[in-house]
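Asks: Quick one, fold the following:
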Amino acid sequence: MAKKLDIEKIKKIHFIGIGGIGMSALARHFLSEKKQVSGSDRTLTPITKVLASEGVQIFAEQTEENISTDIELVVYTEAMTQDHPEMKAARAAKIPMINLFEADGLAFNPYFLIAVAGTHGKTTTAAMLTDIFESVDKDPTAIIGSLRAKTKSNYRAGKSKYAIVEACEYKRDFLHLKPDILIVTNLEHEHVDYYKSLEDVQDAFKTLVSQINEGGVVITDTANINIMPVLEGATAKVVNYHDFLELDLPLKQPGMHNRLNAAAAMAAAAQEKISVTDAKQALSSFTGTWRRFEHKGEVNGAPVYDDYAHHPTEIRAAIDGVKELYPTKRIILAFQPHTFSRTAAMFGEFAKAVGQAHEILILPVYAAREENQTGVSSRELAVKTLETNTNARYVDSLESAEAAIRQSADSESVVMVVGAGTITHLAESLTK
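Replies: Alright, predicted model coming up:
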């Protein structure tokens, strides 16, 4: 459907599930293009409140009455079922409907598109790249999968030819994009509820590489054995971002993973004639994004960090970053696994990853879009973690985790709140 739509002629757009990071960013983009934007969500959040203040009509309930006949396009998240009342009303009114990722392609393929893909590091890399382009007045439009610390927004409205967009691999959604520059930060088996194997993930990435526009570039880790098959037969120019890696780069975010993200951003900037000196200057003042090693405050003299990490590799990287920043402090880690399928598929890896902290509290699995068809539980994960670290235990709620941390934390420790679900509220309550 997206190919038949002329986005330039569409003036009124409605978003079902507008409170999500990706949905709200795209809503802001269309609003910046002087379109009339409305949206609904089941709950009002700080994001929806800000959208309302910016001029978006927000509906706090999702009912068929939200779909007026003058709406020309409906954008929905993949979490919406076909019998959702707004979806049914739009279908009955014969209003075109596309999902978020089709809409991203519709909006951003006309730009000189820099897409940031990969299993880990997409948000930080995209935000770093936005800062670099911004610093040299290249004025990019940008969609970030979190809130930039410097602007408190997931969107930047630019007036140049450039668009910087995260490219999510879930359900091959990124195949709606046709990039001019593609960054692939890394690649592992992830989204196990959709991808059945690493080879399945690689096939999706290989297709994305094949969609790079003529004269385009793919920037990646060419020595990564998981990425090598993706590059086979590629007609785009291939750049190894390790050629831009600087181990002594002064970043505010610790960890080798962030230096690699910075290297990928510098490599992409270099393709557009931005000097390494200018890129490094921008990166030295990069202040990060929401829930990516975000310092929230203190509890009992212990610094508290909130991190979105929900894959074993991400958890290990986050812990390594804390150890780099606080080499003598005891790490208290509260972890909320995200989805039953991921927890079951990576059960042993999760136990080893969280076991690298000194004290581990494991909360119930955040189900997100799933039913528990695997039988896996966080209590079992805590028992498995005892094989790596005897100071691990299950806690049954955010309140129990908070009580345990308040009892344990002191000036000689650092607290990590980790996971992609509701556990972020724990970081907030600890530091009130």
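
Asks: So for the residue nearest the centre of the chain, what's the nearest residue that isn't a sequence neighbour?
Replies: Taking Cα atoms, centre = their mean, the centroid of the chain lies closest to residue 145, which sits 4.3 Å from it. The shortest distance from residue 145 to any non-neighbouring residue, by Cβ to Cβ, 6 or more residues apart in numbering, is to residue 123 (4.2 Å). (Each C-beta comes from the backbone N, C-alpha and C, glycine too.)

Asks: Wait, a helix at that neighbour?
Replies: Yes. Assigned with DSSP: H, G, I helix; E, B strand; the rest coil, residue 123 falls within a helix.

Asks: Contacts only, for it.
Replies: 144, 145, 146, 166, 289, 292, 308 (Cβ atoms under 8 Å, 6 or more residues apart in numbering).

Asks: cool, and residue 284?
Replies: So residue 284 contacts 249, 250, 251 (Cβ under 8 Å, 6+ apart).

Asks: Could you look up the SS state of the first one?
Replies: The three-state label given to residue 249 by three-state DSSP is coil.

Asks: Now do the helices in the stretch 251-400 of the chain.
Replies: 256-271, 276-284, 312-325, 340-345, 347-354, 378-385, 398-408 (DSSP state H, counting those that start in this stretch).

Asks: What distance separates the opening and closing residues of stretch 187-201?
Replies: In stretch 187-201, first residue to last residue: 8 Å (Cα to Cα, to the nearest Å).

Asks: buried sites along that stretch?
Replies: 187, 188, 189, 190, 191, 192, 193, 195, 201 (16 or more other Cβ atoms under 10 Å).

Asks: out of the residues you listed, who's nearest residue 96?
Replies: Taking Cβ to Cβ as the measure, residue 96 lies nearest residue 191 of the buried residues of stretch 187-201, at 27.5 Å.

Asks: you'd agree the closest one is up against residue 170?
Replies: Yes. Assessed by Cβ atoms under 8 Å, residue 191 is found in contact with residue 170 at 4.9 Å.

Asks: Which two among the buried residues of stretch 187-201 are spaced furthest apart?
Replies: Of all the pairs that those form, the one spanning the most space (Cβ to Cβ) is 187 and 193, at 17.8 Å.

Asks: tell me the mean pLDDT for the helix or strand hosting residue 206?
Replies: Per DSSP states H and E: residue 206 is located in helix 198-210. Helix 198-210 shows a mean pLDDT of 97.

Asks: Centre of the chain to it, how far?
Replies: 19 Å (Cα atoms, centre = their mean, to the nearest Å).

Asks: Please list the outside residues in contact with it.
Replies: Under Cβ under 8 Å, 6+ apart, the answer for helix 198-210 is 115, 117, 119, 167, 169, 172, 174-175, 177, 179, 182, 184, 187-191, 195, 218, 226-227, 229-236.

Asks: Checking my notes, residue 163 in a strand, right?
Replies: Yes. With three-state DSSP as the criterion, residue 163 is part of a strand.

Asks: could you show me where the strands are in the stretch 1-150 of the chain, in order?
Replies: 12-16, 36-40, 57-59, 73-76, 97-99, 112-117, 141-143 (DSSP state E, counting those that start in this stretch).

Asks: Compile the ones you listed into TSV and extend it with columns for distance to residue 344, mean pLDDT and mean neighbour count.
Replies: TSV is the format used below for the strands of the stretch 1-150 of the chain (distance: least, Cβ to Cβ, whole Å; pLDDT from 0 to 100; neighbours: other Cβ atoms under 10 Å):
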stretch	distance to residue 344	mean pLDDT	mean neighbour count
strand 12-16	30	97	23
strand 36-40	33	96	22
strand 57-59	37	95	18
strand 73-76	29	96	25
strand 97-99	27	94	19
strand 112-117	25	98	27
strand 141-143	32	97	25
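
Asks: now the ones you listed as a markdown table including distance to residue 405?
Replies: Formatted as a markdown table, these follow (distance: least, Cβ to Cβ, whole Å):
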| stretch | distance to residue 405 |
| --- | --- |
| strand 12-16 | 37 |
| strand 36-40 | 36 |
| strand 57-59 | 35 |
| strand 73-76 | 38 |
| strand 97-99 | 39 |
| strand 112-117 | 34 |
| strand 141-143 | 34 |
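
Asks: Can you tell me which of the ones you listed is nearest to residue 212?
Replies: strand 112-117 (8.9 Å).

Asks: mind listing what the closest one pairs with, with the direction of each?
Replies: With DSSP bridges as the test, strand 112-117 is paired with strand 162-166 (parallel), strand 181-184 (parallel).

Asks: how about the ones you listed in JSON lines, adding mean pLDDT?
Replies: As requested, these are exported to JSON lines (pLDDT from 0 to 100):
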{"stretch": "strand 162-166", "mean pLDDT": "97"}
{"stretch": "strand 181-184", "mean pLDDT": "98"}
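
Asks: Of these, which is nearest residue 381?
Replies: Using Cβ to Cβ, these put strand 162-166 closest to residue 381, at 28.9 Å.

Asks: Render the CA-only coordinates of that closest one in CSV, please.
Replies: What follows is strand 162-166 as a C-alpha-only set of coordinates in CSV (Å, rounded to 0.1, in the frame of the first residue of the first chain):
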residue,chain,number,x,y,z
TYR,A,162,20.1,14.0,5.3
ALA,A,163,17.9,11.7,7.4
ILE,A,164,19.4,9.5,10.2
VAL,A,165,17.0,6.6,11.1
GLU,A,166,17.3,3.5,13.2
